[in-house]
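> Can you look at this prediction? I've put the sequence above it.
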Amino acid sequence: MFVLGLLLVLSWGLHRALIWGDDVREGTSPVAKSVESPSGNAPGIYLHADPTPGKALVTVREIEAPKLWDEFLAIAGKEYEEIERWFDPPWALPAMAALAFIATLLLSWRVNINLFSLHHFYRNRLTRCYLGAPNPERRPHPLTGVDPADDVAMSELGNQRPFHIVGTAINLNRGRQLAWQNRRAASFTFTPLHAGYEPASRQVTGGFRPMDEYGKNARNVPLQLGTAVAISGAAASPNQGFHTSPAVAFLMTVFNVRLGHWCGNPAHRRAWQYRDPLISLRYWLAELTGTADLDYPFVSLSDGGHFENLGIYELVRRRCAVIVASDAGVDPKYAFDDLAEAMRKCYTDFGVEFKFKTKVDDIRPAGDDKLPAEDKVSLLHYAVAEIKYPDETGRGTLIYWKSSLTKDLPPDIMHYRRTHKDFPHETTADQFFDESQFESYRHLGYEVAKRSLEAIGDDLPLALR
């Protein structure tokens, strides 16, 4: 409705502008006039009375009407002489169009598509919250409160353990892989060693580039951790994987609701070395129409959840022996959408199967139907599955945690549940959480991990003991 209203307002505004510019002219608008037939009568069917004795009182005579095209030419020929030219000389209109195109190119060159978006605001807030808080020597800007020293380059984390893998989604809304028309995205990862993607397809090729050289900015600084994390959480983006809608993409681009980022395509010979596109026009149009793909020198990256929300996919690709997945997605019906989607993609792309030793349904709240929903609790917080890698390359263990409530949880958690019926599946659209909300989720996460590991006991993989 907004798009329709916008087009109507623009059309009406253009119409009024033309009338205002034509206030000194008269008779400039073509008005349809009757076209006389060759016999001098207007085309149509005529009835008349014949006064001759013995003749019919009424006779019918039909005059053949001219063809519509001939009628149009006749009208246009008469009106053309009365229409004054809007642009004189004739080359004025093409010249104005050329100037408008040049102005568009200049603006797309100077207005950086990554800089003039909400991405940097989101990135700076995340960096300040999670990287700036433990920095005792920070010197914040007096206005923004941001200190550039809070952030670190991804390549500097190579010696840290655990090994960091930041998952994002590369949007493929015009991909050539017909089997992926439902996915419309692929996994794109940032690690301390490399950045890139490798779709599980022979029709689409990807690539990886060294992280210490990838995406350098004007100060020759490679891509930093804060940027990678902000891209990984960029849920609000015109191109958003299988969630992409052309109408929504148009609205989000018009209102500049863009948390995603255009990064150099690792498969491109030179673009991967640069932080931002030189000319933004083609990428802005791709966001406006929701048609980003990997044929551009720069690719559209957004929330990793737009491809796979649990982060299991890349760990399975690396044949990890133990995978711990924490599902904190909003799932009040306990449909386990994210788990099912991850399992489906892992089997389709890698041939990996998951055999659960404990029932996933035990996580779903149960109880007497007469009880209110807030009093129903789950039997378990977790499920354990055996990972069967193909070709007998080995086996692994998946420990799956889900935001859920069981018996004998601490009173503070249950009190928050009774006063907030959506807990623990409140939407993250509420970004202004208070202390009690934050602490309730933190405490629940601690209890879920602690109780799950204690319950698994001797079956706990050696890597986690």
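Right, received. Where do you want to start?

> Tell me the spacing between Phe250 and Thr244.
Note on Phe250: its distance to Thr244, by C-beta to C-beta, to the nearest Å, is 11 Å. C-beta coordinates here come from the backbone N, C-alpha and C atoms, glycine included.

> And the helices in the stretch 1-150 of the chain, which stretches?
Along the stretch 1-150 of the chain, counting by DSSP state H, counting those that start in this stretch, helices occupy 2-21, 68-80, 92-110, 119-126.

> and of these, who's closest to Asp391?
helix 119-126 (40.3 Å; C-beta to C-beta).

> so what secondary structure elements neighbour that closest one?
helix 225-232 (3 or more C-beta pairs under 8 Å, 6 or more residues apart in numbering; DSSP states H and E).

> Next secondary structure element downstream of the helix it packs on?
Beyond helix 225-232 on the C-terminal side, the first helix or strand identified by DSSP states H and E is helix 246-254.

> Alpha carbons only: can I get the next helix or strand after that next one in CSV?
Once helix 246-254 ends, the next helix or strand along the chain (criterion: DSSP H and E) is strand 261-264. Below are the C-alpha coordinates for strand 261-264, written out as CSV (Å, rounded to 0.1, in the frame of the first residue of the first chain):
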residue,chain,number,x,y,z
HIS,A,261,26.9,-5.0,4.4
TRP,A,262,28.3,-5.2,0.9
CYS,A,263,31.7,-7.0,1.1
GLY,A,264,34.2,-7.8,-1.6
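
> who touches the helix or strand that strand 261-264 is followed by?
Following strand 261-264 in sequence order, the next helix or strand is helix 281-289 (DSSP H and E). The contact list for helix 281-289, computed with C-beta atoms under 8 Å, 6 or more residues apart in numbering, reads 104-105, 108, 113, 238-239, 246, 249-250, 252-254, 258, 262, 277, 291-293, 296, 298, 300.

> rewinding a little: who touches both of Phe250 and Thr244?
Residues touching both Phe250 and Thr244 by C-beta under 8 Å, 6+ apart: 238, 290.

> between those two, who's got more neighbours?
Ranked by neighbour count (other C-beta atoms under 10 Å), Phe250 and Thr244 place Thr244 first, with 21 against 18.

> how about the more buried one, what does it touch?
171, 173, 184, 238, 290.

> Make TSV from the residues you listed and add pLDDT, neighbour count and distance to Thr227 to it.
TSV is the format used below for the contacts of Thr244 (pLDDT from 0 to 100; neighbours: other C-beta atoms under 10 Å; distance: C-beta to C-beta, whole Å):
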residue	pLDDT	neighbour count	distance to Thr227
Asn171	92	32	17
Asn173	86	22	23
Arg184	87	24	23
Pro238	93	31	19
Gly290	90	24	23
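
> can you redo the residues you listed as a markdown table with distance to Gly396?
Listed next are the contacts of Thr244 as a markdown table, based on distance: C-beta to C-beta, whole Å:
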| residue | distance to Gly396 |
| --- | --- |
| Asn171 | 30 |
| Asn173 | 33 |
| Arg184 | 29 |
| Pro238 | 37 |
| Gly290 | 37 |
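
> from those, which two are the most distant?
Using C-beta to C-beta, the pair of the contacts of Thr244 lying farthest apart is Arg184 and Pro238, separated by 12.7 Å.

> So which helix or strand of this protein has the lowest pLDDT on average?
The helix or strand of the chain with the lowest confidence, counting by mean pLDDT, DSSP states H and E, is strand 58-63 at a mean of 53.

> quick one, what contacts Ile312?
Counting by C-beta under 8 Å, 6+ apart, Ile312 touches 323, 325, 342, 346, 398.

> give the contact list for the residue of the chain positioned farthest from its centre.
Centroid-distance maximum for the chain: Pro53 at 84.9 Å, with C-alpha atoms, centre = their mean. The contact partners of Pro53, by C-beta under 8 Å, 6+ apart, come to none.

> For it, give its distance to Tyr347.
Pro53 is 98 Å from Tyr347, where distance means C-beta to C-beta.
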